[in-house]
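*Asks:* Compute the structure for the input listed below.
(one chain, ligands or ions: 1)
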Amino acid sequence: MQSGLGWREHFVAPASTLAKLAPGATPLTHHLGVLGGTGFTAYVGLLDIGRPRAGETVFVSGAAGAVGSIAGQIAKIEDCRVIGSAGSDEKVEWLAGDLGFDAAFNYKTVPSAEALAEAAPDGIDIYFDNVGYDHLEAAITHMNDFGRIAACGSISGYNSVDPAHPRPGPNNLAFLVRKRLTMRGFIVSDHGERRADFRTDMERWLAEGVVRSRETVLEGIEQAPAAFLGLFNGTNTGKMLVRLAPEE
Ligand SMILES: NC(=O)c1ccc[n+]([C@@H]2O[C@H](COP(=O)([O-])OP(=O)(O)OC[C@H]3O[C@@H](n4cnc5c(N)ncnc54)[C@H](OP(=O)(O)O)[C@@H]3O)[C@@H](O)[C@H]2O)c1
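*Replies:* Just a heads-up that it's a prediction; the model follows:
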C-alpha cells in the first residue's frame, strides 16, 4: 500500500485514499521514486513544461537528486544534449558516467556561470530548475532565444525564507524579455491527466534500461529527521528513502 499520510509506522485510512500496488518484478521502492511522485515530476516538468526538441541543450540542476536524475535521463531519451550540476565529484562522475549525461559539474568547486560557459558554448534551450537563485541566474545568462525554464523548485533558498530579508533573486531577469524566454512554475499534482502516460513510458524505459534509478536508504523511522535534513546537505544520491522495517 502507498499513502501520503507522512512519517508513521502504522495507520488506518479509508481504502479509497490508498493505492494497491500489484505484486511483480518492480521493486516496491520504485513506487516512491522513479515510478512515484518524483519520477512523475521529472516527466511532466521536462516533457510538458520544457517541451524538448531533438538536438536541444538541456541543463538540469540538482541533477543527482530524485527528480533531477530522472529529468536528465528523459532529456537524453528525447535526443537532447544534457548538462547536470551536483554538489560532489562522486555525483558528477555518476551523472557523466552511469547516466550518460553529456557534461556535469560540481557547483561547489566551480561557479555555475563559468561551468555553463564551458559545457554549453552554444547556449541552453531548456533549464530544469531544482535549485533557484545563483543556478537560475547562471542559466538565464546562458539561455538561447526562445528558451524554456521549467521552475520545479528552489532548494537553495528553502532554509533562508525570512519575509523581512528575502534572498535577492536573479539580477538578470531583463534577459527574459530580450531572449523571449518562457519561465513556468509547475506543481506535479496539477497534472494527474498525464499519470497514465507517465506510468506506461516509465515502466517501458525501466524495462529497456534507458532510465536507471538510484536510492539512498536509511534504516528505521528514527532516521527520518536525518533523511529530511540530508536533502539540504546532499547526503542523498537519487531518491532519499527511510525503510521502516526489513522487507518481507
Ligand atoms: N514542482 C513540483 O511539483 C515538485 C515536486 C517534487 C519536488 N520538487 C522540487 O524538486 C527539487 C528536487 O527535489 P527532490 O525530491 O528530487 O530532492 P533531491 O534532489 O533528491 O534532494 C535534494 C538535493 O538538492 C541539492 N541541494 C540541497 N541544497 C542545495 C543548495 N543550497 N544548492 C544546490 N543544491 C542543493 C542536494 O544535492 P547536491 O549534493 O547536488 O547539492 C540534495 O541532494 C526540489 O527543489 C523540490 O522542492 C518539486
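*Asks:* which bits of the protein sit near the ligand?
*Replies:* Residues of the chain lying near the ligand by CB under 6 Å from any ligand atom: 38, 41, 62, 64-68, 86-88, 91, 130-131, 152-153, 155-156, 186-188, 231-232, 234, 236, 240. Quick note: C-beta positions are derived from backbone N, CA and C, even for glycine.
*Asks:* 5 Å - rerun?
*Replies:* When proximity is defined as CB under 5 Å from any ligand atom, the chain approaches the ligand at 41, 62, 65-67, 86-87, 130-131, 152-153, 155-156, 187-188, 231-232, 234, 236.
*Asks:* longest helix of this structure?
*Replies:* helix 195-208 (DSSP state H).
*Asks:* Now that one: buried residues?
*Replies:* Neighbour counts over helix 195-208 (16 or more other CB atoms under 10 Å) mark 198, 201-203, 205-206 as buried.
*Asks:* now the strands: where do they sit in the chain?
*Replies:* Ranges of strands in the chain, per DSSP state E, are 57-60, 81-86, 103-106, 124-129, 143-151, 182-185, 215-219, 239-243.
*Asks:* low-confidence ranges in this protein?
*Replies:* 1-3, 246-248 (pLDDT under 70).
*Asks:* Over to Gly6: give its phi and psi.
*Replies:* phi 90, psi -170 (degrees, to the nearest 10).
*Asks:* which residues does it contact?
*Replies:* Contact analysis of Gly6 by CB atoms under 8 Å, 6 or more residues apart in numbering lists nothing.
*Asks:* Spell out which residues make up each domain of the protein.
*Replies:* Domain ranges of the chain: 37-156+170-190, 214-248, per automatic domain parsing.
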